[in-house]
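K.L.:
The sequence and its predicted three-dimensional model are supplied below.
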Amino acid sequence: MVFGLHWAIIPIILSNIATNGSDPILAIALGSVWAASGAGLGVLFKTKNAQLKEIAASGLIPGLLSGVTEPIIYGIFFRYKRSFAYAIAMSAISGVIAGVLQVKATQLAGGIFTIPTFNPIWGYALSAAVAFFGTAALHWIFGFGEEPELASGKAEQKGSSEEDFKTTNVDTVITSPVAGAVVPVKDINDSVFSSEAMGATVAVDPSSNVVKAPFSGKVVKVFPTLHAIGLLSDGGVEVLIHIGLDTVNLNGEGFTSHVKDNQKVTAGQDLISFDVEQIKAKGYDPVVLIIVTNQNEQQHLKKYAVSNEQVTAGNKLLEINNK
């Protein structure tokens, strides 16, 4: 689910349903969705950090209702590897249960309201419950790697180093990674991003084809499909730059990375090139999203971008100051 590789099996699932009336793969695969939702529940009740509670809650709801797990993936799994490990383990157990009980899907569906579309219903409900409540329980019992200072909502006061970018003592200015027109957040054609569930968001309809570093810091993660990149500023601010909507489905076609994981970068440095026209030709929205994923209650965020304003790469979009 993290890299969108599940789309490769969707045609097989649809073919099975069309020819046989049911499919055994979907019930097994959806264990990962229930486990991710369980991670949201576990973090929600375990953490004392208000901002992280908000991320967990905003990920839990769409996960349960419709099987949308992006807020959990970007907001929790990429920050807390132990949480990701719990979800992997419990989704595997859930998949084994669904397989042994020969649970089959009668339509392509996800979420709590679609449980009756699986057969046997009790078998699917059992596998889902194991993934959901099992993952939540692991978070509650063993924790998920959150540091005590952040759990209580207090910013760390230790100095930063090359190995530790978690300090929040330095104010951070986030500049536009591309040239283009600022899009109102409410107009983003994706409820996860338009609700700012993952964090404060600025959207730019790009007129340039290179994403540049919005500050000096390091690369945390270049997604294998190159449609997104995670960054960490020298001041400890985590930013996700997401190029286009649903462009994970392009599997890297039209994208070129100029950096790698853990590489230090300077403001304005080229990160990823992308073909705007090719993205549009494939039917996808090329809007570039800049998302602050770790703002805490000890920080003040100010947006400088104005809707429909034309910006160039390097123009100030956001500023994060310690209170």
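P.N.:
Yep, that arrived.
K.L.:
Strands along the stretch 151-300 of the chain, start to end?
P.N.:
Counting by DSSP state E, counting those that start in this stretch, residue ranges of the strands within the stretch 151-300 of the chain are 172-175, 180-183, 201-206, 210-212, 217-222, 228-233, 238-243, 255-257, 264-265, 270-274, 288-292, 299-303.
K.L.:
can you list the ones you listed in a markdown table and add distance to I17?
P.N.:
Heads up, the C-betas are built off the backbone N, CA and C, glycines and all. Output for the strands of the stretch 151-300 of the chain, formatted as a markdown table (distance: least, Cβ to Cβ, whole Å):
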| stretch | distance to I17 |
| --- | --- |
| strand 172-175 | 45 |
| strand 180-183 | 37 |
| strand 201-206 | 36 |
| strand 210-212 | 39 |
| strand 217-222 | 35 |
| strand 228-233 | 31 |
| strand 238-243 | 31 |
| strand 255-257 | 32 |
| strand 264-265 | 46 |
| strand 270-274 | 35 |
| strand 288-292 | 33 |
| strand 299-303 | 45 |
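K.L.:
Which of the ones you listed has the lowest mean pLDDT?
P.N.:
Sorting those by mean pLDDT places strand 299-303 lowest, at a mean of 75.
K.L.:
and it, what other elements does it pack with?
P.N.:
strand 316-322 (3 or more Cβ pairs under 8 Å, 6 or more residues apart in numbering; DSSP states H and E).
K.L.:
list the buried ones in the strand it packs on?
P.N.:
317-318, 320 (16 or more other Cβ atoms under 10 Å).
K.L.:
Check stretch 41-58 too.
P.N.:
41-44, 46-47, 49, 51-56, 58.
K.L.:
End to end on it, go ahead and measure it.
P.N.:
One end of stretch 41-58 sits 10 Å from the other (Cα to Cα, to the nearest Å).
K.L.:
Same question for stretch 22-37.
P.N.:
End-to-end distance for stretch 22-37, by Cα to Cα: 25 Å.
K.L.:
What segments of the protein are helices?
P.N.:
Assigned by DSSP state H, the helices in the chain fall at 10-20, 25-29, 31-46, 50-66, 70-72, 81-100, 121-142, 148-151, 191-194, 276-281.
K.L.:
what angle sits between the third one and helix 81-100?
P.N.:
When you say that, I think you mean helix 31-46. 140 degrees (axes from the mean of the first three to the mean of the last three Cα atoms, to 10 degrees).
K.L.:
What of the fourth one?
P.N.:
Helix 50-66 and helix 81-100 meet at an angle of 20 degrees, taking the same axes, to 10 degrees as the criterion.
K.L.:
Show me how the record splits this structure into domains.
P.N.:
Split into domains by automatic domain parsing, the chain comes to 5-151, 172-322.
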